[in-house]
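*Asks:* Got a predicted structure here, sequence first:
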Amino acid sequence: MTDAAALAARVREGELRLHELDDHADPDVAAAARRHLVESETDASLDAVGNYGFPAAAAEPNVENMIGAVQVPLGVAGPVAVDGGAADGEAFLPLATTEGALLASVNRGCSVLNAAGGATARIIKSGMTRAPVFRVADVVEAEALVEWVRDNVDRLRAAAAETTNHGELLDVTPYVVGNSVYLRFRYDTKDAMGMNMATIATEAACDVVEAETEASLVALSGNLCTDKKPAAINAVEGRGRSVTADVTVPREVVEDRLHTTPEAIAELNTRKNLIGSAKAGSLGFNAHVANVVAAMFLATGQDEAQVVEGANAITTAEVRRAEASAGSDGDLYVSVSLSSLEVGTVGGGTKLPTQAEALDVLGIRGGGDPPGSNADAFAEYIAAGALAGELSLLSALASQHLSSAHAELGR
Ligand SMILES: CC(C)(COP(=O)([O-])OP(=O)([O-])OC[C@H]1O[C@@H](n2cnc3c(N)ncnc32)[C@H](O)[C@@H]1OP(=O)([O-])[O-])[C@@H](O)C(=O)NCCC(=O)NCCSC(=O)C[C@@](C)(O)CC(=O)[O-]
Ligand SMILES: NC(=O)C1=CN([C@@H]2O[C@H](COP(=O)(O)OP(=O)(O)OC[C@H]3O[C@@H](n4cnc5c(N)ncnc54)[C@H](OP(=O)(O)O)[C@@H]3O)[C@@H](O)[C@H]2O)C=CC1
């Protein structure tokens, strides 16, 4: 009997629990034992799942009860030229997906961006939030808590600073609902996405609030943060990076490479992304920003649940005519603004071997110089990729090419 089979037998006999296997074997053997057990109790064969290309120990901070790895195909689009506040120059965009036609589409969009001189991208606002909820007696106590917080932000900042070298508390915004008070803490988390960092720092700050006021902490997260749920507060106030990318595409490039016109794209954008989304009650006023965000998140070890916020984006399109030639044919201006893109180049899954290599493709693995610049550049590359995707899909829809493209490439 192999070590793995013997360990699986001990779990089956109730002597060990599945999650205790790592205490009795190295992480690869523990994973093999779990596969053995799952295979013996289901109809599944886990040969492919067990055929992973990194030591299981490398994934220890990222997963419990590991049995192997799922492999998602990885492609590149580009290179695409990005003139950003932090990103500068040409980069290949790594995208992990199972949706045929997606890479082709983003790749076409990148070639259009290049033909237009490249995308421009800027971070407009930055800050990771955590909003604990406190119980107070009534509105009088709520008002007292809000005033105390306004007068004592420096004390909260000092308590938070004790827990992190890179994180910095930027501000605290109170919200009152009856006898519940929510304090939305916002941090500069530099190159980390920052959810662990902000949570740990906020706990330290909450200890001060509880010691100095009548308020009692109910929970460190009161859902006004808002993490991993669609929420208007993220669309309006931002979360993580708020980033915009834009481009003006010459008419002949739209006609030659996208087989449509600036007018058709602008009309489609209004009727689909703006009016259609409004009628649907959507938070995302775009075509498929989630596609690029999800594929780049998977490729680079981001928290995939935060695609919910990352897809909170508005796409605009208009025909631009030079003033001197009003009435003549114009070019196409397109922008995409992602209000809450939560990304990091340190922490989370960024250290996993394939994910770290994907960050290397973008040249932004690890901490930046100055700190925060790598994550800023990353957000700008994602915004440029989203812009490329929007341009290409809107064009395919405007020229009635969507279903034929997917029939050819996606089946
Ligand atoms: C498929 C294309 C690009 C063809 O578009 P085309 O213009 O007929 O292609 P082409 O053969 O003339 O090539 C043009 C360029 O496209 C790229 N390209 C072309 N083929 C490839 C390929 N195999 N691999 C890599 N790149 C490719 C490449 O950049 C190429 O330039 P080149 O390098 O040759 O000078 C186009 O029809 C298209 O973009 N369609 C849209 C597909 C799309 O965006 N799908 C996204 C998913 S849709 C979805 O998930 C969301 C949805 C739709 O439900 C949301 C909603 O409600 O709107
Ligand atoms: N706790 C929670 O509620 C939630 C957690 N998560 C998970 O949180 C993880 C991400 O949390 P996050 O805080 O980003 O990552 P980490 O918990 O890994 O924290 C980042 C670490 O990197 C260090 N660091 C080194 N260089 C830098 C730099 N240049 N910029 C910033 N930090 C640097 C920080 O040190 P130092 O702090 O000393 O500065 C810190 O130890 C993901 O795994 C995600 O899935 C997701 C949602 C909620």
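*Replies:* Structure received. Numbers count the residues shown, from 1 in each chain. Ligands and ions are numbered 1, 2, ... in the order given.
*Asks:* show me where the stretch 251-400 of the chain has helices.
*Replies:* Assigned by DSSP state H, counting those that start in this stretch, the helices in the stretch 251-400 of the chain fall at 251-258, 262-268, 277-280, 289-300, 307-310, 353-362, 373-398.
*Asks:* how about those, which one is nearest residue 214?
*Replies:* For residue 214, the closest of the helices of the stretch 251-400 of the chain is helix 307-310, at 33.2 Å, according to C-beta to C-beta. No exception for glycine: its C-beta is placed from N, CA and C like everyone else's.
*Asks:* Work out the gap between that closest one and the centre of the chain.
*Replies:* Computed by C-alpha atoms, centre = their mean, to the nearest Å, the chain-centroid distance of helix 307-310 equals 6 Å.
*Asks:* Check stretch 189-208 too.
*Replies:* Distance, stretch centre to chain centre, for stretch 189-208: 18 Å (C-alpha atoms, centre = their mean).
*Asks:* Look up how far ligand 2 lies from residue 356.
*Replies:* For residue 356, the distance to ligand 2 equals 14 Å [C-beta to the nearest ligand atom, to the nearest Å].
*Asks:* Tell me the residues of this protein that contact ligand 2?
*Replies:* Remark: the part of the chain in contact with ligand 2 comprises 164-167, 189-197, 199, 227, 303, 344, 346-348, 367, 371, using C-beta under 6 Å from any ligand atom.
*Asks:* right, and residue 40 touches residue 8 too?
*Replies:* Yes - counting by C-beta atoms under 8 Å, residue 40 touches residue 8, with 6.9 Å between them.
*Asks:* Look at those two and report which has more neighbours.
*Replies:* residue 8 (25 against 12; other C-beta atoms under 10 Å).
*Asks:* For the helix or strand where the more buried one lies, output the C-alpha coordinates as PDB.
*Replies:* Applying DSSP states H and E as the criterion places residue 8 in helix 3-12. Below are the C-alpha coordinates for helix 3-12, written out as PDB (Å, rounded to 0.1, in the frame of the first residue of the first chain):
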ATOM      1  CA  ASP A   3       1.700   6.100   1.800                       C
ATOM      2  CA  ALA A   4      -1.300   8.000   0.200                       C
ATOM      3  CA  ALA A   5      -3.500   4.800   0.100                       C
ATOM      4  CA  ALA A   6      -2.600   4.100   3.800                       C
ATOM      5  CA  LEU A   7      -3.400   7.600   4.800                       C
ATOM      6  CA  ALA A   8      -6.700   7.500   2.900                       C
ATOM      7  CA  ALA A   9      -7.500   4.200   4.700                       C
ATOM      8  CA  ARG A  10      -6.900   6.000   8.100                       C
ATOM      9  CA  VAL A  11      -9.400   8.700   7.100                       C
ATOM     10  CA  ARG A  12     -11.900   6.200   6.000                       C
END
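*Asks:* list the helices and strands it packs on?
*Replies:* Where contact means 3 or more C-beta pairs under 8 Å, 6 or more residues apart in numbering; DSSP states H and E, helix 3-12 is packed against helix 27-41.
*Asks:* Count the residues that sit near residue 282.
*Replies:* Using other C-beta under 10 Å, residue 282 is surrounded by 14 other residues.
*Asks:* again, but for the one 3 residues further on
*Replies:* A total of 23 residues lie near residue 285 under the criterion other C-beta under 10 Å.
*Asks:* For it, give its distance to residue 18.
*Replies:* 44 Å (C-beta to C-beta, to the nearest Å).
*Asks:* Show me which residues of the stretch 301-411 of the chain sit near ligand 1.
*Replies:* The stretch 301-411 of the chain comes close to ligand 1 at residues 392-393, 396, 401-402, 405, 409, as judged by C-beta under 6 Å from any ligand atom.
*Asks:* Generate a ChimeraX selection restricted to the buried entries among the residues you listed.
*Replies:* Buried residues within these, by 16 or more other C-beta atoms under 10 Å, are selected in ChimeraX with:
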select :392,393,396,401,405
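*Asks:* and which of the residues of the stretch 301-411 of the chain next to ligand 1 is nearest ligand 2?
*Replies:* Using C-beta to the nearest ligand atom, residue 393 is the member of these that sits closest to ligand 2, with 28.9 Å.
*Asks:* thought the closest one was touching residue 405?
*Replies:* No - checked against C-beta under 8 Å, the pair residue 393 and residue 405 is beyond contact range at 9.4 Å.
*Asks:* Once you drop chain neighbours, what's closest to residue 5?
*Replies:* residue 36 (5.6 Å; C-beta to C-beta, 6 or more residues apart in numbering).
*Asks:* on that earlier part again, any idea which of the helices of the stretch 251-400 of the chain is most buried?
*Replies:* helix 373-398 (a mean of 28; mean count of other C-beta atoms under 10 Å).
*Asks:* Which is the succeeding secondary structure element to that one?
*Replies:* For helix 373-398, the following helix or strand on the C-terminal side (DSSP H and E) is helix 402-409.
*Asks:* Which other helices and strands does that next one contact?
*Replies:* helix 102-115, helix 373-398.
*Asks:* just how off-centre is it within its chain?
*Replies:* That offset, for helix 402-409, works out to 27 Å (C-alpha atoms, centre = their mean).
*Asks:* do the same with stretch 235-244
*Replies:* 11 Å.
*Asks:* Then stretch 181-194?
*Replies:* 15 Å.
*Asks:* and that stretch, average pLDDT?
*Replies:* Stretch 181-194 shows a mean pLDDT of 98 in the predicted model.
*Asks:* Using CSV, write out every CA atom in that stretch.
*Replies:* The C-alpha trace of stretch 181-194 is given here as CSV (Å, rounded to 0.1, in the frame of the first residue of the first chain):
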residue,chain,number,x,y,z
VAL,A,181,-23.4,52.5,12.7
TYR,A,182,-21.1,51.5,9.8
LEU,A,183,-17.6,53.0,9.6
ARG,A,184,-16.2,52.6,6.1
PHE,A,185,-12.4,52.6,6.5
ARG,A,186,-10.4,53.3,3.3
TYR,A,187,-6.7,52.4,3.0
ASP,A,188,-3.9,52.9,0.6
THR,A,189,-2.6,49.3,0.4
LYS,A,190,0.2,49.9,-2.1
ASP,A,191,0.9,46.8,-4.2
ALA,A,192,-1.4,44.5,-2.2
MET,A,193,-5.1,44.1,-3.1
GLY,A,194,-5.3,44.7,0.6
